[in-house]
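Participant: Sharing a sequence plus its predicted fold:
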Amino acid sequence: MFRRICILLVLILLAAMNVCSARTVGPGMHYPDKHSPGRYSPDGPNISSHDGFRPDSLNTATSERNQRLYDSIQSKTNRRAVPRMLYRMLFVKPVLDTTLNGRVLDESRLMEPYAGKTVGEITIERQLPFDTDGNWLERSGNKMHMLTRERVVRRDLLFKPGDEFDPQLAVRNKQLLRSRPYISDTEFIIVPDTLDTTRINLVIRTRDSWTISVDAGIHSQGRTMAGLSDANIFGTGNTLKFKTNFSRKDFSYGGNIVEYSIPNVLGTFYTADFSAGRDFYNSELNLGLRKEFIRPTDYEIGLTYSDIKSKRYMIDLDTSLLVKVRNLDAWGGRSRYIRSINSSVYFTGRYSYARFSRRPAVTPTYNPALHDYDAMLFGAGLYREKFFTANMIYGFGTKEYLATGYKAELVSGYSWGEFNDEMYLGMSYQTGGFRGLGYIMGGITLGSYIDLDNGKWNHSAVDVDLKWFSNLFLLRRSRIRQFLAFNYTQGWNRGFGSDEMIRFTRENGLQALKEHVTGTNRMLLNTETVIFTPYQPLGFRIAFFGFADFGLIGYSANIFQNDFFTSFGVGIRLRNERLVFNTVQIRLGVAFGKRGLVESEYFRLSNSTRIEQYRYRPTRPEIVGFK
């Protein structure tokens, strides 16, 4: 009898795979409107965005038929222990049905019928990280987990009872909650008041992340790090990390580092950070308190202090040398929304200084990044930022909130240096949004110091970034998305030594290249194809990727006369959206130069990727990067 049950189970699973493998619609089709005026939830109609982007989706009827098949399999496997165990290992309930589609939603448009109504009662519903009927590992995790306290969720709300309901502010609030490491998903349910048509009640439903994680690092010279962290200590939303260091050779003690972070101090939206300790010959003390721009009309303020001793990579020597420095950084800003231009105007200011007590040799033109200085910067500009809901971009299934908009900024200031004083001038512009072919983002930053004694422009640089990812393509039961990234960085009138040359980095470089190459002119094209599979063993989603990177770097002003490199490779990413730690990535690759094979990083195991979300809100004034 047991053998018959197993055979029947295998046949049912094969039938389910064949049914799900049928491609039902093209990427341009979308759901019909099903919005009920009596209640709002984010799984309502699929609306194309205002700029013409047509979301991806699957046919509703086919999805319902597949769901009935899964329900049938579940009911049959529940009768015996072993089939029930196999079902729970292979099948995990999707979160809000987002694993079955790749649509992009403007949730603020769905909530427009309630705009201007008075917010009444706000109810918070908190859920454990895993489903209560999940596998034994998930059930054990729920028992060990301390649920986020209700006041922690409530203090992150951008509105209160009695306020007018603003749909865009509600979406911004969902993005804020979703960005917290202890929250894996959030949902706003609008319930009209049956006795007062001008009033609505809100049910805010959140699901916790599993926030306890371990970390490890293996470094050169036998140095090893092991760490333990909790991003929701005692359900408060605070993060505590502890790292200990030892030598693999003789297990000698190398020191400890403790980090503590409070993301929203007493509901003020200030973030407090603290870290202290040592790591062999490195040591650190970091203190910080900051508040970022959240609303279109808002303010920003921050203060950080650090005292750090560490080995800094000296690009000209291709080695690391010990540096000890104290830094103080203070900044603030104000923004105001102007309805006529649908944008916010902002002004920011910043003061910072650095004092080095240990460093390599310096001269007026050598290692200027290691000079003592005091600097004052001011910024002014316009920005607009709006969020759309999507999935299968940076994550693997749960809702993601992608920013669209622009930021235009002018920066000016003055630096009192150890050897000379200089004025700084800079500008930047970034814009991005969904278009017919996917998401496109572009940005340019240009800046230079000016010596007022002789009028010479020094330490000048320009940085250009272009990024794009496609709509989702359907391939049987898998989803495919294509990513492209272009970067061009050039410097002129630079000095010598640290930060006066550039190289290929992990963010702007070739993934598999390990060879040391420097220059003042760099151009990159990174391509990556990601296949999101439907498989979920023990709740971990699986994605395969392949990449091809192309780069030019050197000292010639003509970028095409510099050295050429390329790298190719494949890899796999594993991620459980309910766990706080980053994606686990295994990558294989090889790199080539003009003369053939070069030094390559053939294998890499890491917990992060180069794919990052883009934001357009202003920050403290910055000098153009040259790294």
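Facilitator: Sure thing, it's come through. Numbers count the residues shown, from 1 in each chain.
Participant: pLDDT of stretch 589-608, averaged?
Facilitator: Mean pLDDT, stretch 589-608: 91.
Participant: ah, wrong one, I meant stretch 239-255
Facilitator: Mean predicted confidence for stretch 239-255 is 90.
Participant: Next, the buried residues of that stretch.
Facilitator: Buried positions in stretch 239-255, judged by neighbour count with 16 or more other Cβ atoms under 10 Å: Thr239, Leu240, Lys241, Phe242, Lys243, Thr244, Asn245, Phe246, Gly254, Gly255. Glycine gets a C-beta too; all of them are placed from N, C-alpha and C.
Participant: Same check on stretch 529-543?
Facilitator: Result for stretch 529-543 [16+ other Cβ under 10 Å]: buried residues Thr529, Val530, Ile531, Phe532, Thr533, Pro534, Gln536, Gly539, Phe540, Arg541, Ile542, Ala543.
Participant: elements contacting the one helix or strand Val119 maps to?
Facilitator: Using DSSP states H and E, Val119 maps to strand 118-127. Counting contacts by 3 or more Cβ pairs under 8 Å, 6 or more residues apart in numbering; DSSP states H and E, strand 118-127 is packed against helix 150-154, strand 199-208.
Participant: for Phe508, helix, strand, or coil?
Facilitator: Just to correct that, residue 508 is Asn rather than Phe. coil (DSSP: H, G, I helix; E, B strand; the rest coil).
Participant: Surely it touches Asn487?
Facilitator: Yes - using Cβ atoms under 8 Å, Asn508 is in contact with Asn487, at 4.9 Å.
Participant: sorry, back to before: can you tell me which of the helices and strands packed on strand 118-127 comes nearest to Arg334?
Facilitator: Between Arg334 and the helices and strands packed on strand 118-127, the tightest spacing by Cβ to Cβ is seen for helix 150-154, at 26.8 Å.
Participant: Report all helices and strands that the very next helix or strand once past that closest one contacts.
Facilitator: Moving toward the C-terminus from helix 150-154, the next helix or strand (DSSP H and E) is helix 167-179. Helices and strands touching helix 167-179, as assessed by 3+ Cβ pairs under 8 Å, 6+ apart, comprise helix 107-110, strand 183-192, strand 373-390, strand 400-417.
Participant: picking up where we left off before, quick one: which of the helices and strands packed on strand 118-127 is nearest Tyr449?
Facilitator: With Cβ to Cβ as the yardstick, what comes closest out of those is helix 150-154 (44.9 Å).
Participant: pull the CA atoms of the longest strand along the chain into CSV?
Facilitator: Longest strand in the chain, counting residues (DSSP state E): strand 319-338. Taking Å, rounded to 0.1, in the frame of the first residue of the first chain, the C-alpha atoms of strand 319-338 are listed here in CSV:
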residue,chain,number,x,y,z
THR,A,319,49.3,46.8,-0.5
SER,A,320,47.5,47.7,2.7
LEU,A,321,49.1,50.0,5.3
LEU,A,322,47.9,51.0,8.8
VAL,A,323,46.0,54.2,9.1
LYS,A,324,44.5,55.8,12.3
VAL,A,325,42.0,58.6,11.9
ARG,A,326,39.3,60.5,13.8
ASN,A,327,36.3,61.8,11.9
LEU,A,328,33.4,64.1,12.8
ASP,A,329,30.5,64.7,10.4
ALA,A,330,27.4,66.9,11.0
TRP,A,331,24.7,67.7,8.5
GLY,A,332,21.2,68.9,8.1
GLY,A,333,18.6,69.9,5.5
ARG,A,334,15.1,70.9,4.8
SER,A,335,12.7,70.0,1.9
ARG,A,336,9.3,71.5,0.9
TYR,A,337,6.8,70.0,-1.5
ILE,A,338,5.6,72.3,-4.3
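Participant: same question for the strand holding Val119, mean pLDDT?
Facilitator: 96.
Participant: of all the helices and strands packed on strand 118-127, which lies closest to Gly455?
Facilitator: Nearest of those (Cβ to Cβ): helix 150-154, 55.3 Å.
Participant: State the mean pLDDT of that closest one.
Facilitator: Helix 150-154 shows a mean pLDDT of 96.
Participant: CSV please, covering the buried residues of stretch 239-255 and showing secondary structure and distance to Ser320.
Facilitator: Output for the buried residues of stretch 239-255, formatted as CSV (DSSP: H, G, I helix; E, B strand; the rest coil; distance: Cβ to Cβ, whole Å):
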residue, secondary structure, distance to Ser320
Thr239, strand, 29
Leu240, strand, 29
Lys241, strand, 24
Phe242, strand, 25
Lys243, strand, 20
Thr244, strand, 22
Asn245, strand, 17
Phe246, strand, 20
Gly254, strand, 17
Gly255, strand, 18
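Participant: Give me the buried stretch members for the host helix or strand of Gly491, please.
Facilitator: Assigned by DSSP H and E, Gly491 falls within strand 478-492. Residues of strand 478-492 classed as buried: 478-483, 485-491 (neighbour count, 16+ other Cβ under 10 Å).
Participant: Can you tell me which of those residues lies closest to His145?
Facilitator: The closest of the buried residues of strand 478-492, once distances to His145 are taken by Cβ to Cβ, is Arg479, at 29.9 Å.
Participant: May I have the predicted confidence score for the residue nearest to the closest one when sequence neighbours are not counted?
Facilitator: Nearest non-adjacent residue to Arg479, counting by Cβ to Cβ, 6 or more residues apart in numbering: Phe532, 4.3 Å away. Note on Phe532: pLDDT of 92.
Participant: Tell me which residues touch Phe532, please.
Facilitator: Met392, Phe396, Ser478, Arg479, Ile480, Arg481, Arg541, Ala543 (Cβ atoms under 8 Å, 6 or more residues apart in numbering).
Participant: what pairs with the fourth one across the strands?
Facilitator: By that I understand Arg479. Leu474, Phe532 (DSSP bridges).
Participant: who's in contact with the helix or strand hosting Lys143?
Facilitator: Assigned by DSSP H and E, Lys143 belongs to helix 136-144. Applying Cβ under 8 Å, 6+ apart, the contact partners of helix 136-144 are Leu128, Pro129, Phe130, Asp131, Thr132, Trp210, Leu538, Gly539.
Participant: on that earlier part again, can you pull the residues that touch both of Asn508 and Asn487?
Facilitator: Taking Cβ under 8 Å, 6+ apart as the contact rule, the neighbours common to Asn508 and Asn487 are Arg522, Leu524.
Participant: before we move on, back to that, now flag whichever of the contacts of helix 136-144 is closest to Ala369.
Facilitator: The closest of the contacts of helix 136-144 to Ala369 turns out to be Trp210 (Cβ to Cβ; 40.6 Å).
Participant: re the thing from before, what mean pLDDT would you report for the strand holding Gly491?
Facilitator: pLDDT averaged over strand 478-492 gives 95.
Participant: Likewise for stretch 309-317?
Facilitator: Average pLDDT, stretch 309-317: 86.
Participant: So for it, what gets flagged as buried?
Facilitator: Per 16+ other Cβ under 10 Å, stretch 309-317 contains these buried residues: Lys309, Arg312, Met314, Ile315.
Participant: Sort out for me which of these are in strands.
Facilitator: Lys309, Arg312, Met314.
Participant: ok, and the helix or strand in this structure with the lowest average confidence?
Facilitator: Every helix and strand of the chain was ranked by mean pLDDT, DSSP states H and E. The lowest is helix 2-20, at a mean of 42.
Participant: Show me the shaky parts of this protein.
Facilitator: 1-102, 609-612 (pLDDT under 70).
Participant: could you redo the last one with a cut-off of 80?
Facilitator: 1-103, 134, 219-222, 397-398, 538-539, 580-582, 607-613 (pLDDT under 80).
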